[in-house]
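Visitor: Next comes the sequence, and after it the predicted model I'd like to discuss.
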Amino acid sequence: MSNDKKLIRIRELADATGVSIQTIHYYLREGLLPPPTKTSPNMAYYNPEYIDDIRLIKELKGKRYLPLSVIRLVLDAKRRGKQVNDIQDMKLTLEDIFRPVGRSEEIEPVNLMEVVVMTGLPVETLEVLSKMGILMPVATTEGEHYDGLDVNIACNVKKLLDLGLAVADLEFFKVYAGALLQGMQIIREKVFRSGDISHADACNQVKEILDYIKAALDTKIYRKVAMEITLPGYD
């Protein structure tokens, strides 16, 4: 082949990026990297651009906490020829949105049986919570995986069940999640397609505004219920 000197083998790619061959194969299966140039069933060559892509994956995953599904979007934008400044704005915005809420979110994605062990909830309950939209596992080539937020939510659901609630009593979370999703879809249509503001600025502003409104509403509702509990007859 005429481009042998420009292409590298997977061992060289692993050495240049500091990731294992198994990890490179995983990135390929998940669609983070394009298929290599195959010269035979057991021989493949990689363009040196793979080195930059893998280093970007490591940065976005290790330093900016982005999930693979989001990293795929950044890489797709890069390959479509997005400007460097646009990619940088995209990275910073996503980093802010996907920054871990707590240390529990920093765990690696886990499968269903691992969530069972970590939370004490049976498979049937976890599957119901997923159908209700309370848990949101991500489909991968290795099956569904749950992130740290899912695990933390499931742990707290277990506490509610131990206090006497039934899974069916948590149906209001399904309504709550559905209302949030509907609201975000409206905002996406009205804000992100208006062309009046950059996506990075819009994302940051929307997140800040919605976080405040949700926190304020939560506080007002908690206070109202607390008054009804401590002062019977309060309305």
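Guide: That came in fine, so what should we check first?
Visitor: Show me which helix or strand of the chain is least confident by mean pLDDT.
Guide: Within the chain, confidence by mean pLDDT, DSSP states H and E is lowest for helix 84-98 among all helices and strands, at a mean of 67.
Visitor: starting at the chain centroid, how far to the following helix or strand past that helix?
Guide: Next helix or strand after helix 84-98 toward the C-terminus (DSSP states H and E): helix 112-119. Here the centre of helix 112-119 is set off from its chain's centre by 19 Å, with C-alpha atoms, centre = their mean, to the nearest Å.
Visitor: Residues contacting the very next helix or strand once past helix 112-119, please?
Guide: The helix or strand immediately downstream of helix 112-119 is helix 123-131, counting by DSSP H and E. In this structure, residues lying in contact with helix 123-131 by C-beta atoms under 8 Å, 6 or more residues apart in numbering are 112-113, 115-116, 119, 121, 135-137, 153-154, 157, 161, 167, 170. C-beta here means a position set from N, CA and C on the backbone, and glycine is covered the same way.
Visitor: Out of these, flag the one nearest to Tyr222.
Guide: Set against Tyr222, the nearest of these by C-beta to C-beta is Leu170 (17.3 Å).
Visitor: isn't the closest one right next to Val157, touching?
Guide: Yes: between Leu170 and Val157 there is a contact at 6.8 Å, judged by C-beta atoms under 8 Å.
Visitor: Pull up the overlap in contacts between these two.
Guide: 129, 134.
Visitor: And the two? Which one has more around it.
Guide: Val157 (21 against 17; other C-beta atoms under 10 Å).
Visitor: And the pLDDT at that one?
Guide: We have a pLDDT of 97 for Val157.
Visitor: what's near enough to touch it?
Guide: 119, 121, 125, 129, 134, 170.
Visitor: about what we covered before: put the buried members of the contacts of helix 123-131 into a PyMOL selection.
Guide: To isolate the buried ones among the contacts of helix 123-131 in PyMOL, judged by 16 or more other C-beta atoms under 10 Å, type:
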select buried, resi 112+115+116+119+121+135+137+153+154+157+161+167+170
